[in-house]
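Colleague: Prediction below, plus the sequence it came from.
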Amino acid sequence: MRRAWADVLATARRSVADGLVVGTSGNVSARVGDVVLVTPSGVPYDRLGPRDAVGVDLNGRQVIGALTPTSELPLHLAVYRETGAAAVVHTHAVHATAVSTLVDELPAVHYMAGALGGPVRVAGYALYGTEDLAARMLRALRDRTGCLLRNHGTVVYGSTLDQAYDRTAQLEWMCRVWLTASAVPGRAPALLSPDDLRQAADKLRGYGQTR
């Protein structure tokens, strides 16, 4: 549990260093058995240490720590209840948030969309920290491992914190690519077909080193 909490803190601090969140916005969690370790509400990540761990069960009942869990706890718990996720990263990344205000789905400008299950959807706007937002997020996540939240940010999950974070970074990068290409006067970005994305997703499953 101690190691998992250290990984949660490291990922949260990385999200600040990489500019995916500002201040205490965004949050990170990891599931260890029936316990979800999650960053606390309103505390800068660089002020947190090993003794500040926050953990809840899948019903949201606090079982570890005294600090109040993130206000976005409903988002995290919804993902764990409905998927096999072991980690969730939520950010307010600039380009992804900008895209969430413009379209209902991120156009397929790059094959890395295949790593998220296909074109990334935008969940309809709802007040942060609510069950309504969590429900809208789950609809957008259907058959996907990441989505955008309208006028809000991103939610991405994975089988590890590293995977969830890497997918988050890829999503932000794809949003930046689309915004950059769309800004060229008189031109529209070329988009990939569903078959292109399926082929990419199949190939990405075997990407990297094999043990």
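Modeller: Happy to help now that I have it. This is a predicted model, so every value here is computed, not measured.
Colleague: Bridge partners for the residue nearest to residue 62 when sequence neighbours are not counted, pull those for me.
Modeller: Nearest residue to residue 62, sequence neighbours excluded (Cβ to Cβ, 6 or more residues apart in numbering): residue 56, at 5.2 Å. (Glycine included, C-beta is placed from N, CA and C.) In this entry, residue 56 is beta-bridged to residue 36, residue 62, by DSSP bridges.
Colleague: Repeat that for residue 28.
Modeller: Using DSSP bridges, the bridge partners assigned to residue 28 are residue 89.
Colleague: so who does it touch?
Modeller: Applying Cβ atoms under 8 Å, 6 or more residues apart in numbering, one finds that residue 28 lies in contact with 8, 11, 12, 15, 38, 39, 87, 88, 89, 90, 161.
Colleague: who touches the residue nearest to residue 62 in this structure?
Modeller: Residue 56 sits next to 35, 36, 38, 62, 63, 64, 69, 73, 77 when contact means Cβ under 8 Å, 6+ apart.
Colleague: before we move on, the earlier item: which ones among the contacts of residue 28 lie within helices?
Modeller: 8, 11, 12, 15, 161 (DSSP state H).
Colleague: picking up where we left off before, of the contacts of residue 28, which pair is most distant in space?
Modeller: 15 and 38 (13.8 Å; Cβ to Cβ).
Colleague: tell me which residues of stretch 145-164 are tucked away?
Modeller: Under the neighbour-count criterion of 16 or more other Cβ atoms under 10 Å, stretch 145-164 has 145-150, 152-158, 161, 163-164 buried.
Colleague: What segments of this structure are helices?
Modeller: Secondary structure of the chain (DSSP H): helices located at 2-17, 73-82, 94-100, 131-140, 161-182, 194-204.
Colleague: nearest to residue 116, of those helices?
Modeller: Per Cβ to Cβ, nearest to residue 116 of the helices of the chain: helix 161-182, 6.1 Å.
Colleague: packing partners for the closest one?
Modeller: Here helix 161-182 touches helix 2-17, strand 87-91, helix 94-100, strand 146-149, strand 153-158, going by 3 or more Cβ pairs under 8 Å, 6 or more residues apart in numbering; DSSP states H and E.
Colleague: got JSON lines for these, with mean pLDDT too?
Modeller: Shown next, in JSON lines, are the helices and strands packed on helix 161-182 (pLDDT from 0 to 100):
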{"stretch": "helix 2-17", "mean pLDDT": "96"}
{"stretch": "strand 87-91", "mean pLDDT": "98"}
{"stretch": "helix 94-100", "mean pLDDT": "98"}
{"stretch": "strand 146-149", "mean pLDDT": "98"}
{"stretch": "strand 153-158", "mean pLDDT": "98"}
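Colleague: most tightly surrounded among these?
Modeller: Ranked by mean neighbour count, the helices and strands packed on helix 161-182 are led by strand 87-91 with a mean of 29 (mean count of other Cβ atoms under 10 Å).
Colleague: Tell me what angle that strand forms with helix 73-82.
Modeller: Calculated by axes from the mean of the first three to the mean of the last three Cα atoms, to 10 degrees, strand 87-91 forms an angle of 150 degrees with helix 73-82.
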